[in-house]
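Engineer: Following is a predicted model, sequence given first.
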Amino acid sequence: MLEGGLKYEKIGMTNEDMKFIDLRRYNRDEILQVFGMKKSVISITDDLNFATSREQRREWWTGTNLPIMRLILSSLNYSLFEDSERTDISLRFDINAIEALQEQFQTKVDSAFKLSQIGFTRNEINDKLQLGFEKKPWGDSWWAPLNQIPVNEDTEDTVPDPPPAPAPEKPAEDDADAGKLYGGKRLKRISAPSPAKASAPLPVAKTGRTELRTKQLEAMWKTHIAKIQPYEDAYRRKLKAVLFSARRKTLALLYDQKRGLEGYTPEEFKEILPKALHDLEAIEFQVEADLMEDFGKRVYQEVMIVGSDSAASEIGVEYSFNLRNPAVAAFMERKLIRVREPLIEVAENIRSLCTEAVVSGWTVPELAREIRNEFNELAGWRTNAIARTEMVGASNFGRSVMIKNSGFGKREWFTAGDEKVRPEHLAMDGEKVGMDEPWVVDGYDLNYPGDVSGPDYLVINCRCIEVVDPDSGLSEE
């Protein structure tokens, strides 16, 4: 009983009302099913999450729209081109911009990569997965994972050459008499090979490789060298810039910064020389060496990773280079000491020049000329040799770490194969060793090509690489 004229109104739904709403939803779902429509397409999301909604939109395209579109295309192509003499033209819908199908396309791309790894050609994969790309003449050849070269024996000119390098400012880069780039009281000028030695016959490498294997290795070598070339150029530019900065500092200590060379009299030369020599004998180039070390921390890491990734791509596997590996950390520690050595050595050379100036009675201009020659010599082609030796060595270390973890049983030595290869390395071409065995080159043990623990004549300007021996098979580990 309600007092004061109040009336009862129902605010809920009876069972009959709820059954009626459920019936309407059931009828709606049936109608959608008949027409191949998905609830998410018409914004009915009461019982859908994001993943379900996305999948429904994809199914709407693949199960409803695309079959209808194929029927339309079939009819149009028949009516328009049935009597045409050309068989290479047809109509096709462009579905690349359909957002709901993008994830499906990525799945197809992943499948295409796996199919290419096991031997299917580009055109076969394109047809099988309906990727929609145009057929290419070269697409009927299988491109092997070993740095992507065509396996057909008649394809001679398909391997691209790396960008041409600038003309070297140094002697033949694999000269066995290259001498020392680091160490020694004076950085002695490295002379070009004598005509007799340059014309001496080189030993012939007997590799036993097939023509196809040789092509694969040549492509791998060219690609590897092309990848590290930018780092070699950057290392050379950085070292030259630091050396020229050190040269300016040295000459500023030698001359009064406010007066030119022409302003000094012979008497003033005698007065300024003792103080100049005292300042120069204390020079160390600590700031410049720190700059090279900071640069080295970045570039050595990047080049090691490039070398590791290069080797992994040749094998056709994924590999993550671990910079915290104790062997990698020890390698970096040695390299960060080595990157400072050109500055340390040139400082020692300048101190030697100061001693020689006193003994020989040089004037300030004469000492300045010798100092300039010292820096210019180091900043010339020897800087190029240092950059190549360091970057090739670091990249080969990265390759070696990856190859030793590849699971294969052996590794193989490969040279550049040109007239610049030193005889000791030419003799190594095609040699194979186990993963835990060193390379024995001219009686010396090297961990990898370009290993600076070996003597300079086997390391400076080395361009060799090591590769996995595919015939050795995977180890049981």
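Structural biologist: Here it is on my side, so go on.
Engineer: Now for this structure, the helix or strand with the poorest mean pLDDT.
Structural biologist: Across the helices and strands of the chain, mean pLDDT, DSSP states H and E gives its lowest value to helix 195-198, namely a mean of 38.
Engineer: Do I have it right that S90 meets F81?
Structural biologist: Yes - counting by Cβ atoms under 8 Å, F81 is a contact partner of S90 at 6.4 Å. The way it works is simple: take the backbone N, C-alpha and C, and place the C-beta from them, glycine included.
Engineer: Need the overlap of contacts for these two.
Structural biologist: With Cβ atoms under 8 Å, 6 or more residues apart in numbering applied, the contact sets of S90 and F81 do not overlap.
Engineer: Tell me the confidence at the residue positioned nearest the centre of the chain?
Structural biologist: For the chain, V306 is the residue whose C-alpha lies nearest the centre (Cα atoms, centre = their mean; 3.5 Å). V306 is assigned a predicted lDDT (pLDDT) of 93.
Engineer: wait, what's in contact with it?
Structural biologist: 227-228, 231, 395, 398.
Engineer: what about it, distance to W138?
Structural biologist: For V306, the distance to W138 (Cβ to Cβ, to the nearest Å) stands at 27 Å.
Engineer: Sticking with the nearest residue to M391 once chain neighbours are set aside, tell me its helix or strand.
Structural biologist: Once flanking residues are discounted, M391 sits nearest to E232: 4.4 Å by Cβ to Cβ, 6 or more residues apart in numbering. Using DSSP states H and E, E232 sits in helix 211-254.
Engineer: burial count for K38?
Structural biologist: K38: 21 surrounding residues under other Cβ atoms under 10 Å.
Engineer: Equivalent analysis for N376, please.
Structural biologist: Using other Cβ under 10 Å, N376 is surrounded by 12 other residues.
Engineer: which secondary structure elements does the helix holding E232 contact?
Structural biologist: helix 266-281, helix 286-315, helix 341-360, helix 364-378, helix 381-404, strand 410-414, strand 465-468 (3 or more Cβ pairs under 8 Å, 6 or more residues apart in numbering; DSSP states H and E).
Engineer: make it 7 Å
Structural biologist: The contact analysis (3 or more Cβ pairs under 7 Å, 6 or more residues apart in numbering; DSSP states H and E) places helix 211-254 against helix 266-281, helix 286-315, helix 341-360, helix 364-378, helix 381-404, strand 465-468.
Engineer: Could you look up the SS state of D83?
Structural biologist: coil (DSSP: H, G, I helix; E, B strand; the rest coil).
Engineer: And it, what's its pLDDT?
Structural biologist: As predicted, D83 sits at a pLDDT of 74.
Engineer: try the one 5 residues further on
Structural biologist: Confidence per residue is given as pLDDT, and for D88 that number is 68.
Engineer: Buried residues in stretch 349-361, which are they?
Structural biologist: Within stretch 349-361, the residues that qualify as buried are 349-351, 353-354, 357, counting by 16 or more other Cβ atoms under 10 Å.
Engineer: from these, which is closest to R213?
Structural biologist: Nearest to R213 among the buried residues of stretch 349-361, counting by Cβ to Cβ, is N349 at 47.4 Å.
Engineer: wouldn't the closest one be in contact with E374 here?
Structural biologist: Yes - N349 is within contact range of E374, at 5.5 Å (criterion: Cβ atoms under 7 Å).
Engineer: what's around I386, how many residues?
Structural biologist: Around I386 there are 23 residues (other Cβ under 10 Å).
Engineer: Work out for me the element E318 sits within.
Structural biologist: Per DSSP H and E, E318 falls between elements, in no helix or strand.
Engineer: nearest residue to it other than its sequence neighbours?
Structural biologist: Spatially, and ignoring its direct neighbours in sequence, E318 is nearest to A312 (6.5 Å; Cβ to Cβ, 6+ apart).
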